[in-house]
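Q: curious how this folds, go ahead:
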Amino acid sequence: MFRKNEQKRLAYQMLVFDEVVNQGSFTAAAEALGHTKSAVSQYVSQLEQDLGIKLLTRSTRQLHLTTQGEAMAQRSRQLWRLLTETLEAAHDQQAVPGGRMAITAPLAFEAPLLTPIIAELCREFPQLLPELHYDDARLDILQHNLDMAISVGPQKDSSYHAIPIGRLDSVLVAAPSYINRSALITAESLRGHSLIVLPWQRPLVLQGQGSLVFEAAKEIKVNTSISAINSAIAGVGIALVPSIFIEAELAQGKLQRVLPEHSGPSREVFAIHAYQQQLPLALRLVVERLKEAFRQKAPVSG
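A: Okay, here's the model as predicted:
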């Protein structure tokens, strides 16, 4: 057991170790922390001595984490996050969110993700006045007087800040009515089926065994994920849509996975903003809860 004064020392040693891992070197960590390189090395060595384990192996150019070091790196990062959140919470208690908060997002984000989060925030902060603009077109934040935009895929405007919040993994689905009346759906027969195609899916090579291209002689072209999902439910054809948007439809049997060994490319989702300093609390809460929603959405099984 560590005595109380040893626990205090251990906490700071872990934070120094966390910085070494993040920076990738003792020199960079020392510069970030305002310590000398020898002091940082001593903190880490003392941490290893106190714990009785080897955390790092050092070479002339690189640092390598041991197995125990990887576990301690995760614990150290958790400690850093706890301290950061504690300080932010203390600061945020002095400023209750309120007033206008304008956000744009693709249409498909409305029901399963964004609206439940906004509703929850409105209950917590009655003075909040959200403005939600659902549009699959990318609206410019400054031109449309927006606070934040939820955007999918690579970002072109480097003048804005992009916070990664999750990934969209697309799967092939069709309605039971389409599956029952159509020929057997295989990788070889896909081109002979009716496909529901979104603009970003042309051209597109599916991930999985072989180089299966998502194209067919008969394609029904739609411009939103919502339209693709509804078209698939209506039995029009096979759609490639993000699994996070169709959990209910799969659970209810309105849609079924087809060719589960194939999937669309994973696409990253970002929260885009133009703030130079820290985001206002309400927007930070939206970002954090969106991140949590993506973490909680387990991959869809076949």
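Q: please enumerate the strands of this protein.
A: 56-58, 63-65, 99-105, 128-134, 148-152, 161-168, 170-174, 194-197, 218-221, 238-242, 256-257, 267-273 (DSSP state E).
Q: dump those into TSV; add mean pLDDT as well.
A: Compiled in TSV, the strands of the chain are given as follows (pLDDT from 0 to 100):
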stretch	mean pLDDT
strand 56-58	86
strand 63-65	88
strand 99-105	95
strand 128-134	95
strand 148-152	95
strand 161-168	94
strand 170-174	97
strand 194-197	97
strand 218-221	95
strand 238-242	97
strand 256-257	98
strand 267-273	95
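Q: turn these into JSON lines, columns for mean neighbour count and distance to Leu204.
A: (Each C-beta comes from the backbone N, C-alpha and C, glycine too.) Shown next, in JSON lines, are these (neighbours: other Cβ atoms under 10 Å; distance: least, Cβ to Cβ, whole Å):
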{"stretch": "strand 56-58", "mean neighbour count": "15", "distance to Leu204": "43"}
{"stretch": "strand 63-65", "mean neighbour count": "14", "distance to Leu204": "38"}
{"stretch": "strand 99-105", "mean neighbour count": "19", "distance to Leu204": "23"}
{"stretch": "strand 128-134", "mean neighbour count": "15", "distance to Leu204": "24"}
{"stretch": "strand 148-152", "mean neighbour count": "23", "distance to Leu204": "15"}
{"stretch": "strand 161-168", "mean neighbour count": "17", "distance to Leu204": "14"}
{"stretch": "strand 170-174", "mean neighbour count": "25", "distance to Leu204": "9"}
{"stretch": "strand 194-197", "mean neighbour count": "21", "distance to Leu204": "9"}
{"stretch": "strand 218-221", "mean neighbour count": "14", "distance to Leu204": "12"}
{"stretch": "strand 238-242", "mean neighbour count": "26", "distance to Leu204": "8"}
{"stretch": "strand 256-257", "mean neighbour count": "16", "distance to Leu204": "18"}
{"stretch": "strand 267-273", "mean neighbour count": "20", "distance to Leu204": "11"}
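Q: closest to Ala32 out of the ones you listed?
A: Closest approach to Ala32 among the strands of the chain (Cβ to Cβ): strand 63-65, 14.8 Å.
Q: for the closest one, name the packing helices and strands.
A: If you count contacts as 3 or more Cβ pairs under 8 Å, 6 or more residues apart in numbering; DSSP states H and E, strand 63-65 packs onto helix 4-23, strand 56-58.
Q: show residues contacting it.
A: Contact with strand 63-65 is made by Val20, Val21, Gly24, Ser25, Phe26, Leu55, Leu56, Thr57, Arg58, Ala73, as judged by Cβ atoms under 8 Å, 6 or more residues apart in numbering.
Q: what pairs with that strand, parallel or antiparallel?
A: Each strand that pairs with strand 63-65, with its direction, by DSSP bridges: strand 56-58 (antiparallel).
Q: what about the partner strand, distance to the chain center?
A: In terms of Cα atoms, centre = their mean, to the nearest Å, the centre of strand 56-58 is found 31 Å from the chain centre.
Q: what's the answer for stretch 173-182, then?
A: So, by Cα atoms, centre = their mean, the centroid of stretch 173-182 is 32 Å from its chain's centroid.
Q: can I get that stretch in PDB, CA atoms only?
A: Provided in PDB are the C-alpha atoms of stretch 173-182 (Å, rounded to 0.1, in the frame of the first residue of the first chain):
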ATOM      1  CA  VAL A 173     -29.300  -4.400 -46.800                       C
ATOM      2  CA  ALA A 174     -32.600  -5.200 -48.500                       C
ATOM      3  CA  ALA A 175     -36.200  -5.700 -47.500                       C
ATOM      4  CA  PRO A 176     -37.500  -9.200 -47.000                       C
ATOM      5  CA  SER A 177     -39.900  -8.500 -49.900                       C
ATOM      6  CA  TYR A 178     -37.100  -7.800 -52.300                       C
ATOM      7  CA  ILE A 179     -35.000 -10.800 -51.100                       C
ATOM      8  CA  ASN A 180     -38.000 -13.200 -51.400                       C
ATOM      9  CA  ARG A 181     -38.900 -12.200 -54.900                       C
ATOM     10  CA  SER A 182     -35.300 -11.800 -56.300                       C
END
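Q: which outside residues touch that stretch?
A: Taking Cβ under 8 Å, 6+ apart as the rule, stretch 173-182 contacts 185, 193-194, 232-241, 246, 249-250, 253-258.
Q: touching, Ala232 and Leu195? I think so.
A: No. The pair Ala232 and Leu195 fails to qualify as a contact (Cβ atoms under 8 Å) at a distance of 10.1 Å.
Q: quick check: neighbours shared by the two?
A: Ile238, Ala239.
Q: I figured Leu285 hits Leu121, correct?
A: Yes. Using Cβ under 8 Å, Leu285 makes contact with Leu121 at a distance of 6.1 Å.
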